[in-house]
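# coords below, sequence missing:
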């Protein structure tokens, strides 16, 4: 049994060595990314969770209070409203972003004319400063006649809407801002996936009579 385990360990070590030899350059480039992730994401996340059990004081020492903060949080109506708004925002944001990203990728991958132009247009919001995009969004949904959406609504006889000040509309408008900003990035992911599909699969599908 011990000899069998030794052989397994030797085999595992050999496989790891072969893996390192094959992908050395990949692991070397991943090390800085992993260090950045640990320092700026993993560590703050873990430390923030630890702070939930503390009576944190920026000046002086902090006291351990156990589950008091969690009990207060779970009994706070405002906290539950914030959780519900987060769930709604996730639904408003994630589903349309995934769908639009896939649609954009299919359009670009379809081989239509000016596909490169459309790819640039779809990806432009991603490389545009969030401050600029937010400023454009603020002008488009401005809560008076000067806002572009309200101007168009006024042409149809609809009163101006307070998009960014309304409790029922603000969340959707902000989700739309995030969709506009991120959809192009999702397009690149989907486009890379579509490009990795072997052409033989499309040919086989056409032979089998598959429709577009």
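Arrived safely. Source: prediction; values computed, not measured. Residues are numbered from 1 along each chain as shown.

# and the next helix or strand past the longest helix along the chain?
Criterion DSSP state H: the longest helix present in the chain is helix 77-109. Remark: after helix 77-109, the chain's next helix or strand is helix 115-127, criterion DSSP states H and E.

# elements contacting that next one?
On a contact count with 3 or more CB pairs under 8 Å, 6 or more residues apart in numbering; DSSP states H and E, helix 115-127 meets helix 77-109, helix 170-195. Yep, even glycine has a C-beta here, placed from its N, CA and C like the rest.

# wouldn't residue 102 be in contact with residue 191 here?
No. If you go by CB atoms under 8 Å, residue 102 and residue 191 don't touch, sitting 9.6 Å apart.

# of those two, which one has the most company?
residue 191 (21 against 18; other CB atoms under 10 Å).

# state the distance from the more buried one to residue 178.
Noted for residue 191: a distance of 20 Å to residue 178, by CB to CB, to the nearest Å.

# what about the protein, any weak spots by pLDDT?
1-10 (pLDDT under 70).

# still on that earlier bit, check which residues of the longest helix of the chain are buried.
Of the residues in helix 77-109, those buried under the neighbour-count criterion (16 or more other CB atoms under 10 Å) are 92-93, 96-98, 100-102, 104-105, 107-109.

# repeat that for stretch 132-147.
133, 137, 140, 141, 142, 143, 147.

# what's the closest of these to residue 62?
Closest to residue 62 out of these is residue 133 (38.8 Å), distances taken as CB to CB.

# dump the buried residues of helix 77-109 to TSV, plus distance to residue 185.
Shown next, in TSV, are those (distance: CB to CB, whole Å):
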residue	distance to residue 185
92	17
93	13
96	14
97	9
98	11
100	11
101	8
102	13
104	10
105	11
107	16
108	13
109	16
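
# among these, which pair sits farthest apart?
Of all pairs in the buried residues of helix 77-109, the most separated under CB to CB is 92 and 109 at 26.7 Å.

# please report how far residue 169 lies from residue 159.
Distance from residue 169 to residue 159, by CB to CB: 13 Å.

# which one's more surrounded, the two?
Legend: neighbour count by other CB under 10 Å for residue 169 and residue 159, higher for residue 169 (15 against 7).

# so what's that one closest to, chain neighbours aside?
In this structure, residue 169 finds its nearest non-sequential neighbour in residue 163, 5.0 Å apart by CB to CB, 6 or more residues apart in numbering.

# and the one you found, what does it touch?
Listed by CB atoms under 8 Å, 6 or more residues apart in numbering, the contact partners of residue 163 are 141, 142, 143, 147, 149, 169, 170, 173.
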